[in-house]
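Asker: quick check, what structure comes out for this input:
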Amino acid sequence: MALFGNPIPETPQTALNVAQMHVLLERMELRAAETRSGGGEPAISRHKAKGKLTARERIGLLIDPGTIPLEVGLFTAYGMYGEYGGAPAAGTVVVIGTVHGREAVIVANDATVKAGAWFPMTCKKNLRAQELAMDNRMPIVYLVDSAGVFLPLQDEIFPDKEHFGRIFRNNARMSGMGIPQIAAIMGPCVAGGAYLPIMSDEALIVDDTGSVFLAGSHLVKAAIGEEIENEALGGAKVHSEISGVTDHRMKDDAACLQRIRTILGAMGGEPRLVYHRTAPRPPRFAPSELYGLLPPDRTKPYDMSEILARIVDNSEWDEYKAGYGKTIITAYARIDGWAVGIVANQRSVVKTLRGEMQVGGVIYSDSADKAARFIMNCNQKKVPLVFFQDVTGFMVGSRAEQGGIIKDGAKMVTAVANSVVPKFTVVVGNSFGAGNYAMCGKAYDPRLIVAWPTATIAVMGGRQASETLLAIRLQQMDKGGKAIGEEEQQALLAEITAKYEQQMDPYYAAARLWVDALIDPADTRAVLSRGIAVAAAGPHPPPFNPGVIQT
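Answerer: Next up is the predicted model:
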């Protein structure tokens, strides 16, 4: 393998890069701390007055001491549902956590947020948690404490394919796949949501605080005239001694969580590593140096090789077709000992075959052709794929079209779509248009997709999109017989640009689960290693069939 990377020179630009990254990271930590506080201190106090632990405290007791959970979807619903007071983290905490040395998905309702009610994004987040369990054949633990569907938004959560009912469909499918599901009823569990714990392999219920029923006391009275308290209707004693609905009656949260640990600890079978790993070697350059490499101006070039040199083992890799298709780097490397295939957009200034100087980040025909072949090779060799995105899209123009850019782009997209090895995606900077698809965006089933706080995700860049939207708006106004002057046009452009740039913000993407997490760039290596380790203990990939690919 060849060594890559150079020490970062101390220049004004490097200092500016570092300063800007620290601003972004401080903002991210402040927003993360605010989100982790859930419904706020008054709501937490009321919750604890009932003898209950918070969702994050429950997770802390469930996982192995000294281990760090990998949280998925912390910023889900960030900035959304303002008219209802917001829903921090969509009222649900989802982590991949270690229990008795075994990785598991843990889903905990946060009852300090609207009593744990399900918003549309809560449903999407729960479906993502189940997807993680199914893809990696991991046990899943549900810590249930929820008032049920948030009724003002019921039409956005109840009837469609990817809505509430899909949760229970997945319960049944996971059971058929042999994926263990453990559910603890630690608070209310109402209406359709009652099926989730009871469709799990084992259901626990906590005395006094846990209850489960298809209809609560108020609805029962309205429906059939019966007057009854919730505890007598569906409390722990009823379901553990009379109905037989639950399997374990626990005295409090702590005892319940300890019993779950015991259940998971008794599971048979040792995890086997499907993918190859050697002794890890740290990069030759400190991961913190990543802060100085990325310019705040997203149009400026930089060398992706320097980024990779601070992530991969010993800052070394074997580059595939190094002299061809230079706007994409394809290489075999190791991350924390794990063998991986890397596909990364190159944004440095490169020389094309025609002699022009071009700034990278654009996928040309030769780059797409190279990447497609490399992706197929990794599938043949059973090597997981890691994508580093900073892409403005595929090349356009008559020369690109006549050169078959659509054909070569389709080739790359097909290879990504039909890949059977685990895929992981890191959005470093831009993620625009079909480049998002070709570089394994959310639609292409990455096992994990994370983003740096420098990420921007949209159909095209802000300037191009804003000018296009302005042209359309002016054309519509002209047809209506209304013309506006230059000053008004500029004001309209500023309004359109502000709205579009808000939608490009990484928190906008994280709120909608377009990415699983926003991460500190210095944590990239650790996050990828954790994701690969989870995948490596899962099932062998099926045979690879690349489908029909034009040559």
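
Asker: the residue at the greatest distance from the centre of the chain sits in which helix or strand?
Answerer: Most distant from the centre of the chain: residue 481, at 46.7 Å, with distances by CA atoms, centre = their mean. Residue 481 belongs to no helix or strand when assigned by DSSP states H and E.

Asker: what sits against it?
Answerer: Counting by CB atoms under 8 Å, 6 or more residues apart in numbering, residue 481 makes contact with nothing. The way it works is simple: take the backbone N, C-alpha and C, and place the C-beta from them, glycine included.

Asker: pLDDT below threshold where in the chain?
Answerer: When residues are selected by pLDDT under 70, those of the chain lie in 192, 270-271, 349-360, 461-466.

Asker: how many neighbours does the closest residue to residue 168 other than its chain neighbours have?
Answerer: Distance criterion CB to CB, 6 or more residues apart in numbering; nearest residue to residue 168, sequence neighbours excluded, is residue 195 at 4.9 Å. When neighbours are counted by other CB atoms under 10 Å, residue 195 registers 17.

Asker: just say helix, strand or coil for residue 195.
Answerer: Three-state assignment for residue 195 (DSSP: H, G, I helix; E, B strand; the rest coil): helix.

Asker: so it sits right up against residue 171, yeah?
Answerer: Yes - Residue 195 lies in contact with residue 171 (CB atoms under 8 Å); the separation is 7.3 Å.

Asker: those strands in the stretch 401-550 of the chain, which residues are they?
Answerer: With strands called from DSSP state E, counting those that start in this stretch, the stretch 401-550 of the chain shows them at 423-432, 448-451, 456-458, 517-518.

Asker: turn those strands into TSV, columns for mean neighbour count and distance to residue 414.
Answerer: What follows is those, written out as TSV (neighbours: other CB atoms under 10 Å; distance: least, CB to CB, whole Å):
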stretch	mean neighbour count	distance to residue 414
strand 423-432	26	14
strand 448-451	25	20
strand 456-458	21	22
strand 517-518	21	28
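
Asker: please convert those to JSON lines, extending it with distance to residue 441.
Answerer: Shown next, in JSON lines, are the strands of the stretch 401-550 of the chain (distance: least, CB to CB, whole Å):
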{"stretch": "strand 423-432", "distance to residue 441": "7"}
{"stretch": "strand 448-451", "distance to residue 441": "7"}
{"stretch": "strand 456-458", "distance to residue 441": "8"}
{"stretch": "strand 517-518", "distance to residue 441": "15"}
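
Asker: which among the ones you listed is found nearest to residue 108?
Answerer: Nearest to residue 108 among the strands of the stretch 401-550 of the chain is strand 517-518 (16.6 Å), distances taken as CB to CB.

Asker: which strands border that closest one, and is each parallel or antiparallel?
Answerer: strand 448-451 (parallel) (DSSP bridges).

Asker: so how far is the strand it pairs with from its chain's centroid?
Answerer: What separates the centre of strand 448-451 from the centre of its chain is 5 Å, taken as CA atoms, centre = their mean, to the nearest Å.

Asker: equivalent analysis for stretch 7-21, please.
Answerer: In terms of CA atoms, centre = their mean, the centre of stretch 7-21 is found 29 Å from the chain centre.

Asker: equivalent analysis for stretch 517-533, please.
Answerer: Here stretch 517-533 shows a centroid-to-chain-centroid distance of 12 Å under the convention CA atoms, centre = their mean.

Asker: give the buried residues for that stretch.
Answerer: 517-533 (16 or more other CB atoms under 10 Å).

Asker: just the endpoints, please. Distance across it?
Answerer: End-to-end span of stretch 517-533 (CA to CA, to the nearest Å): 18 Å.

Asker: do the same with stretch 224-231
Answerer: 18 Å.

Asker: run through who's touching it.
Answerer: With contacts defined as CB under 8 Å, 6+ apart, stretch 224-231 is touched by 188, 208, 211, 213, 216, 217, 220, 221, 237, 238.

Asker: test my guess that residue 503 contacts residue 458.
Answerer: Yes - with contact defined as CB under 8 Å, residue 503 reaches residue 458; the gap is 6.5 Å.

Asker: okay, now the sheet partners of the helix or strand encompassing residue 205, with direction.
Answerer: Using DSSP H and E, residue 205 sits in strand 202-206. Strand 202-206 has its sheet partners listed here by DSSP bridges as strand 181-190 (parallel), strand 248-250 (parallel).
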